[in-house]
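Visitor: The sequence and its predicted three-dimensional model are supplied below.
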Amino acid sequence: MGKLSSVFSMRHFLVLSLALNVCLISRVVYEGENWREEEQRRALMADTSQKSAHVSRSSSTPPSPSTVTSPEIKDDGERVINLDHGDPTMYERFWQQLGDITTIVISGWQFTSYFSDAKNLCWFLEPDFAKQIIRLHKIVGNAATDNYHIVVGTGSTQLFQAALFALSPPDASEPMSVVSAAPFYSSYPSVTDFLKSGLYKWAGDAYTFNKDGPYIELVTSPNNPDGSIRQPVVNRSGGILVHDFAYFWPQYTPISSPADHDLMLFTVSKATGHAGMRLGWALVKDKEVAEKMTKFIELNTIGVSKDSQQRAAKVLQVISDSYEHVGNPKKGSPFFHFSHSLMEERWNALRSAVKRSGLFSLPEFPSGFCNFLGQPFPSQPAFAWLKCLGGIEDCGKFLKKHKILTRSGKHFGVSPEYVRVSMLDRDDSFSLFTKRLSSLHLSQSKDHQEESL
């Protein structure tokens, strides 16, 4: 019995030893394969980075618009070019080339509380984000911040809804009229009426609004979709103004003086290109209005992401640092200079394409002096307001036939002869768009009209 036990134990020992050795060998092989795959991946990334002329991830040298030269793009006419949305992916190149300078690390224990500053009117506003908002506005000179309350929201859309809630009297006999001059931002009607609120209601084009009583007028400047500089239209007693300044930044329009209106909306997405952060802020003079806006956001989403606010604070800080020469300034263009030059290049390319085609027209913009950039220039909006000529009645339908997706003028309260085209897509998409647009001529227009009959 003792011998059997001894043999049995020895056999088990040998089996266990063999199993451990097999596991060890397998682990070495596995790690070796992973190491080789990781080396191959890194080599591929490095090769791709060189081919696309991107600087390394560790670099913090600000890029210039000419850093990347797009290769000659061949267009077989099959690729769909979607320029319907204002997705600001154009800015990826700048931030990618800048490297890790905007990277932040958030530990798992951080931001477990709902509250950012319980003593602040907007108690979910991160103090550092507020600090960087004020700092950037003072550097750029596009908005007054003294004696204003800052309300942060999940994008400017939430702030727009919060403003309507705060500005509409709760005991009125009928909903407050909400208007904007056509062409107006296409989402204003749907967002205004989405909640089917009894407090306010979309009332259409400010140019044709003639109803008595109080109203809210939305003034978007520069305007989305046509890029024009806007002023109030209705100008009657009882009116309340909300200024949407999503595009009031020096890459889009000259900054001549700080805006100082009662309620002004801004958004990270169009200021820096970080649409995925889903952040906006409102500068509000009236404390009671700011409190009501804060209450709306509290009831709607119980505050705003702290993680996003920390990321945004870092991005705004890096932009401001580059203009105040904090640390060791690097060669290259800081953000607004880079973005301005890139928008200028794109508008020149689009106007050349429109001229070569002869089938479209674009608005002309007067030149103004920009105090921030120290030079005069005409507006170069984030969207092109394109009109089809040659008897084309539905410009969006015509361009869709050529696999160019845009947003029809009918969504902005005007004729479908117009379309809105995003100027903020990636380099390859925009280059392909201008190439294809320039190839469309009067013959395609006649063919389209015959097909429509």
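Guide: Ah, there it is. Bear in mind the structure is a predicted one, so any value in this text is a computation, not a measurement.

Visitor: what's the helix or strand for the residue nearest to the spatial centre of the chain?
Guide: When the chain is reduced to its mean C-alpha position, the nearest residue by Cα atoms, centre = their mean turns out to be residue 269, at 2.7 Å. In the assignment (DSSP states H and E), residue 269 maps to helix 268-272.

Visitor: so where's the stretch 351-453 of the chain shaky on pLDDT?
Guide: Applying pLDDT under 70 to the predicted model, the residue ranges of the stretch 351-453 of the chain that meet it are 443-453.

Visitor: what's the host helix or strand of residue 283 packed up against?
Guide: Under the assignment given by DSSP H and E, the secondary-structure element containing residue 283 is strand 280-284. With contacts taken as 3 or more Cβ pairs under 8 Å, 6 or more residues apart in numbering; DSSP states H and E, strand 280-284 sits against strand 149-153, helix 155-167, strand 263-267, helix 287-301. C-beta: built from backbone N, CA, C; applies to glycine.

Visitor: Switch the ones you listed over to TSV; also include mean neighbour count and distance to residue 340.
Guide: Written out in TSV, the entries for the helices and strands packed on strand 280-284 read as follows (neighbours: other Cβ atoms under 10 Å; distance: least, Cβ to Cβ, whole Å):
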stretch	mean neighbour count	distance to residue 340
strand 149-153	25	26
helix 155-167	23	22
strand 263-267	25	18
helix 287-301	17	32
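
Visitor: Residue 365 is nearest to which of the ones you listed?
Guide: Using Cβ to Cβ as the measure, strand 263-267 is the one of the helices and strands packed on strand 280-284 that comes nearest residue 365, at 21.6 Å.

Visitor: Quick check, residue 251 in contact with residue 334.
Guide: No - judged on Cβ atoms under 8 Å, residue 251 makes no contact with residue 334 at a distance of 11.4 Å.

Visitor: Have a look at these two and say which one is more surrounded.
Guide: Neighbour comparison, residue 251 and residue 334: the larger count goes to residue 251, with 23 against 18 (by other Cβ atoms under 10 Å).

Visitor: Just to be sure, that one is in a strand?
Guide: No - secondary structure of residue 251, determined by DSSP: H, G, I helix; E, B strand; the rest coil: coil, with no strand assignment.

Visitor: Skipping adjacent residues, who's closest to it in space?
Guide: If you skip the residues right next to it in sequence, residue 251 has residue 339 as its closest partner in space, 3.6 Å away by Cβ to Cβ, 6 or more residues apart in numbering.

Visitor: and that neighbour, that one's in a strand?
Guide: No - residue assignment for residue 339, taken from three-state DSSP, gives helix, which places it outside any strand.

Visitor: How much space separates it from residue 97?
Guide: As judged by Cβ to Cβ, to the nearest Å, residue 339 and residue 97 stand 13 Å apart.

Visitor: of the two, who's got more company?
Guide: Taking residue 339 and residue 97 together and counting by other Cβ under 10 Å, residue 339 has the greater number of neighbours (25 against 22).

Visitor: what pLDDT does that one get?
Guide: You'll see residue 339 listed with a pLDDT of 98.

Visitor: which residues sit in contact with it?
Guide: 91, 94, 251 (Cβ atoms under 8 Å, 6 or more residues apart in numbering).

Visitor: that older thread, what's next to the helix holding residue 269, contact-wise?
Guide: Looking at what lies outside helix 268-272 - Cβ under 8 Å, 6+ apart - the contacts are 86, 88, 91, 155, 246-247, 249, 252, 274-275, 277, 279-280, 312, 315-316, 319, 335, 382.

Visitor: The residues you listed in helices, which ones?
Guide: When DSSP state H defines the helices, the subset of those inside them is 155, 312, 315, 316, 319, 335.

Visitor: ok, the last one touching residue 101?
Guide: I take that to be residue 335. No - counting by Cβ under 8 Å, residue 101 is not a contact partner of residue 335; they are 11.4 Å apart.
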